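In: output the structure for:
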Amino acid sequence: MRVDLFDFELPPERIALRPAQPKDSARLLCVSGKRHLDDRQVSELPDILNKGDCLVFNDTRVIPAQLEGKRGDAKIGATLHKRLDLRRWQAFVRNAKRLKSGDRIDFGADVTAIAESRHDDGSFTLAFEDEQPVETLLERAGRMPLPPYIAGKRAVDERDRADYQTIFADKDGAVAAPTASLHFTSQLLAAIDRAGIARETLTLHVGAGTFLPVKADDTDDHVMHSEWGRIEAETAQRLNAVRKNGGRLIAAGTTVLRLLESATDEDGIIRSFAGDTDIFITPGYEFRAIDGLMTNFHLPRSTLFMLVCALMGRETMQAAYAHAINNEYRFYSYGDSSLLLP
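Out: Modelled structure (predicted):
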């Protein structure tokens with residue numbers, strides 16, 4: 001499909017630079033069927049979903065994966081993208097023309113790495129030299145990897161260390177937040193439990209590739225980034241039981257949706273999963289695992305806007321986004337949310 005079919009105009013003032021306070025006071029645009037729109041709040045979610053439904057969350061934890069360093073006199077910026085092993089990460093590098101294989105980068109705070117090799121996409125493999133866990137080094141030298149549409153408008157600060165982390169954050173490895181879950185508070189989770197709505201978690205370490213633009217003119221020519229995820233066998237069994245008992249599986253975020261769809265066979269049975277997924281969902285895709293999706297509002301021409309169009313229909317989502325823009329919903333990572341029920 002032509003990528004320009006997924007374009008739309010977003011006024012810059014609609015981009016949220018801070019989350020709502022409290023987080024569950026964010027607005028929630030409910031989209032059901034063909035173009036039925038309802039303006040609600042995230043805090044109303046227990047009243048919107050049904051007893052017996054199950055919300056599925058991502059328990060990945062965002063690490064401070066952005067680093068600023070030097071190779072000699074050259075300034076080098078790095079955003080870690082994907083863990084390769086205990087000491088080595090793949091990273092997108094700013095000023096990469098000043099870097100070659102074998103160079104040492106000094107990131108300050110006694111954190112150094114060797115640029116081992118350059119990949120076809122321009123990223124590098126960085127091998128960290130200290131014997132401490134890389135996550136420990138990042139706590140010293142790194143900063144939270146806010147998306148460019150926020151970091152380009154204001155400085156990253158200490159408040160972002162809490163704001164850009166979900167209440168479910170447990171397993172280190174993400175370099176971008178699963179933003180649909182940023183809206184959840186302990187009070188909201190308690191209300192969800194009282195309403196008889198089940199909760200499950202899985203892990204997908206979100207990579208910086210989620211922010212890469214689609215440069216191809218046709219979706220067939222786009223190479224999707226891969227991310228590592230895990231679904232435990234016991235979790236898969238409980239998720240299958242929800243659907244067998246008539247409940248709906250609602251993915252809290254596109255990361256959850258992509259992992260569930262990657263782990264589900266042709267008969268709609270969710271299997272245990274551990275490995276990389278590079279699933280690219282566009283209109284025409286037949287969903288196997290999920291019955292709904294809670295997700296923030298996505299960038300034009302992005303793989304994630306293509307995904308929601310695949311779930312709900314392109315015309316429906318274009319109408320929903322136009323409604324959100326006209327009614328001053330807040331967009332992107334720190335913005336408002338939507339609940340999509342096909």
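In: what is the burial count for A177?
Out: For A177, the count of nearby residues is 28 (other CB atoms under 10 Å). Yep, even glycine has a C-beta here, placed from its N, CA and C like the rest.
In: just the element for it, please.
Out: Following DSSP states H and E, one finds A177 outside all helices and strands.
In: wait, doesn't it sit right on N296?
Out: No. Contact criterion CB atoms under 8 Å: A177 and N296 do not qualify, at 10.0 Å.
In: name the residues contacting each of the two.
Out: Counting by CB atoms under 8 Å, 6 or more residues apart in numbering, the common neighbours of A177 and N296 are S333.
In: longest strand anywhere in this protein?
Out: Scanning the chain for the strand with the most residues, using DSSP state E, yields strand 74-83.
In: which one is A322 nearest to, not counting chain neighbours?
Out: F8 (7.5 Å; CB to CB, 6 or more residues apart in numbering).
In: ok so that neighbour is a helix residue?
Out: No. Under DSSP: H, G, I helix; E, B strand; the rest coil, F8 sits outside any helix and is assigned coil.
In: return the set of buried residues in stretch 69-77.
Out: G69, R71, I76, G77 (16 or more other CB atoms under 10 Å).
In: which residues sit in contact with the second one?
Out: Right, R71. R98, L99, D103, R104, I105, D106, A115.
In: now it: how far from R88?
Out: Separation of R71 from R88 (CB to CB, to the nearest Å) stands at 18 Å.
In: do the third one as well
Out: I76 sits 17 Å away from R88, going by CB to CB.
In: can you map out the helices along the stretch 201-342 of the chain?
Out: 233-244, 254-262, 303-312, 314-326 (DSSP state H, counting those that start in this stretch).
In: switch those over to JSON lines; also include distance to E200, mean neighbour count and mean pLDDT.
Out: Listed next are the helices of the stretch 201-342 of the chain as JSON lines, based on distance: least, CB to CB, whole Å; neighbours: other CB atoms under 10 Å; pLDDT from 0 to 100:
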{"stretch": "helix 233-244", "distance to E200": "6", "mean neighbour count": "15", "mean pLDDT": "98"}
{"stretch": "helix 254-262", "distance to E200": "9", "mean neighbour count": "26", "mean pLDDT": "98"}
{"stretch": "helix 303-312", "distance to E200": "20", "mean neighbour count": "23", "mean pLDDT": "97"}
{"stretch": "helix 314-326", "distance to E200": "26", "mean neighbour count": "18", "mean pLDDT": "97"}
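In: R143 is nearest to which of those?
Out: helix 254-262 (21.8 Å; CB to CB).
In: what is the end-to-end distance of stretch 56-66?
Out: Distance across stretch 56-66, first residue to last, is 28 Å (CA to CA, to the nearest Å).
In: actually stretch 1-9, sorry about that
Out: End-to-end distance of stretch 1-9: 20 Å, with CA to CA as the criterion.
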